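In: Sharing a sequence plus its predicted fold:
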Amino acid sequence: MAPSVSDTVPSVTDAVADLKLTATTQDNGPSYPFYYPYYDPEEKFPPTQVYEHTDPGAKADRAKPHLLTPETNVSHISPFIGTEISGVQISQLSEDGLNELALYAAERKVLIFRNQDFKDIGPDRQIEIAKHFGRIQRHPTSGNVKGYPEFHVVYRGAEHDRLKEVIPDERINRTQWHSDVSYEKQPAGTTFFFILDQPEVGGDTLFGSQVEAYNRLSPEFKKRLEGLRAVHSAFEQAESSRRRGGVVRREPILTEHPLVRRHPVTGEKALYVNPGFTRRIVGYKTEESEYLLRFLFDHIAKGADFQIRARYKPGTVVVWDNRVTVHSATGDFNPGDRRHAVRLTPQAEVPTEV
């Protein structure tokens, strides 16, 4: 049986207790030490194999009676993306409710659930819920949880600041738009992110709608994108981890995906490029590829009218569809503050344009 998430792991507790923190207030360590990032250099994963994926949203009742009950409170953040939800517990949803969650995430792109007990239901139940949406990706370089490689741990504190290593101070800002693990043959679909500790101010996540980014393009420009494919790379991520002495659990890959993909349930078309992992356009010469990708990346980054800022409170769980969105962390909080969260990343279908 899995340990309670609030149990103290001795090695983690001892390590935290020995830290000399720079923060001015007393620090008692992470609230959930079970999820402290774990790195085992001996842990290795085989190449990821393609599997048959059926989106659970395809089985959902469009009215969503199991998710949007009379007790559910819904507040849309933007016409194009983002809905805040309270009055329903993800952990209590039936299979029908989870199917409706997949559909609603695809329609609204980002769902911000408040006052959830998700962080306290234990790792086995958390994984069980996420697996409803697809096979969970095991990240090749990030911190995970000992015995639970399905968890992608996001942790920044005085004693552990991987964000600074990944995006150093030489950058003017730390915005890094991306769609998670788009280098996978079957990239992320319906994704879960639950907060454990957060700073009083800052540490939000920016999200943008790739559907609306595509819709803003002219009909003639859209024609130019038809049939184009781009290379997504895991090599830079792996090389960065190796340079800082980190782990590489699975050898990196290059994967081609269409520049525009269609969602299998909603039928919406979305741009599927991001500066985090997209490297070049297949069949284009270097300058041609750079020119077009630079335009698309700039268009995505500047689209403030189809972006939102997700703010975290205790008990917040964000569920989003990685197929039709990009996002970026914001490293805008005091380095002495702790931000601790966990991501579960089910993989969806192989991207297609039609």
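Out: Good, I have the coordinates. Keep in mind that this is a model prediction, so the values were computed, not measured. Residues are numbered from 1 along each chain as shown.
In: hey, what's Ser320 bridged with?
Out: I think there's a mix-up here, since residue 320 is Trp and not Ser. Applying DSSP bridges to Trp320 yields these beta-bridge partners: Val110, Thr191.
In: per-residue pLDDT, it?
Out: What the model reports as pLDDT for Trp320 is 98.
In: Same question for Gly336.
Out: 82.
In: Please apply the same query to Pro258.
Out: pLDDT for Pro258: 98.
In: ok, now the one 4 residues further on?
Out: Per-residue confidence (pLDDT) for Arg262: 98.
In: which residues touch it?
Out: By C-beta atoms under 8 Å, 6 or more residues apart in numbering, the residues touching Arg262 are 268-270, 352-354. Any C-beta I mention is one placed from the backbone N, CA and C, and that applies to glycine too.
In: partners of the top strand by length along the chain, with directions?
Out: Of all the segments of type strand in the chain, defined by DSSP state E, the longest one is strand 148-157. As defined by DSSP bridges, the strand partners of strand 148-157 come to strand 143-145 (antiparallel), strand 160-161 (antiparallel), strand 339-344 (antiparallel).
In: Can I get it in CSV? Just the C-alpha atoms.
Out: C-alpha atoms of strand 148-157 as CSV (Å, rounded to 0.1, in the frame of the first residue of the first chain):
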residue,chain,number,x,y,z
TYR,A,148,6.5,6.6,-8.8
PRO,A,149,8.2,7.7,-12.1
GLU,A,150,4.8,8.9,-13.4
PHE,A,151,5.1,12.1,-11.4
HIS,A,152,6.8,15.1,-12.9
VAL,A,153,7.8,17.3,-9.9
VAL,A,154,8.1,21.0,-10.2
TYR,A,155,10.1,22.4,-7.3
ARG,A,156,11.8,25.7,-6.6
GLY,A,157,13.1,26.8,-3.3
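In: Quick check: Pro305 is in a helix.
Out: Not Pro; residue 305 is Asp. Yes - judged by DSSP: H, G, I helix; E, B strand; the rest coil, Asp305 forms part of a helix.
In: What's the separation between it and Glu212?
Out: To Glu212, Asp305 is 8 Å away according to C-beta to C-beta, to the nearest Å.
In: Which of these two has more residues huddled nearby?
Out: More neighbours surround Glu212 than the other of Asp305 and Glu212, with 21 against 11 (other C-beta atoms under 10 Å).
In: Check which helix or strand the closest residue to His178 other than its chain neighbours maps to.
Out: Computed as C-beta to C-beta, 6 or more residues apart in numbering, the closest residue to His178 that is not its neighbour in sequence is Gly276, at 2.8 Å. Taking DSSP states H and E as the definition, one finds Gly276 inside no helix or strand.
In: before we move on, the earlier item: mind checking which of the strands paired with strand 148-157 is nearest Ser75?
Out: strand 339-344 (22.1 Å; C-beta to C-beta).
In: can you give me how far the closest one is from the chain middle?
Out: Distance, stretch centre to chain centre, for strand 339-344: 10 Å (C-alpha atoms, centre = their mean, to the nearest Å).
In: What are the buried residues along that strand?
Out: For strand 339-344, a neighbour-count test (16 or more other C-beta atoms under 10 Å) marks 339-344 as buried.
In: In TSV, list the residues you listed along with distance to Leu293 and pLDDT.
Out: TSV is the format used below for the buried residues of strand 339-344 (distance: C-beta to C-beta, whole Å; pLDDT from 0 to 100):
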residue	distance to Leu293	pLDDT
Arg339	30	95
His340	34	96
Ala341	30	97
Val342	31	98
Arg343	26	98
Leu344	30	98
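In: and which of the residues you listed is nearest Ala310?
Out: Ala341 (11.3 Å).
In: before we move on, back to that, residues in contact with the residue nearest to His178?
Out: Taking C-beta under 8 Å, 6+ apart, we find Gly276 in contact with 176-179, 182.
In: For this structure, give me the ranges with low pLDDT.
Out: For the chain, applying pLDDT under 70 flags the ranges 1-26, 160-169.
In: Touching, Ala301 and His178? I think so.
Out: No - checked against C-beta atoms under 8 Å, the pair Ala301 and His178 is beyond contact range at 11.3 Å.
In: so what sits against both of these two?
Out: Counting by C-beta under 8 Å, 6+ apart, the common neighbours of Ala301 and His178 are Pro275.
In: The closest residue in space to Glu268 that isn't next to it in sequence: neighbour count?
Out: Nearest non-adjacent residue to Glu268, counting by C-beta to C-beta, 6+ apart: Val211, 4.8 Å away. Applying other C-beta under 10 Å, we find 24 residues neighbouring Val211.
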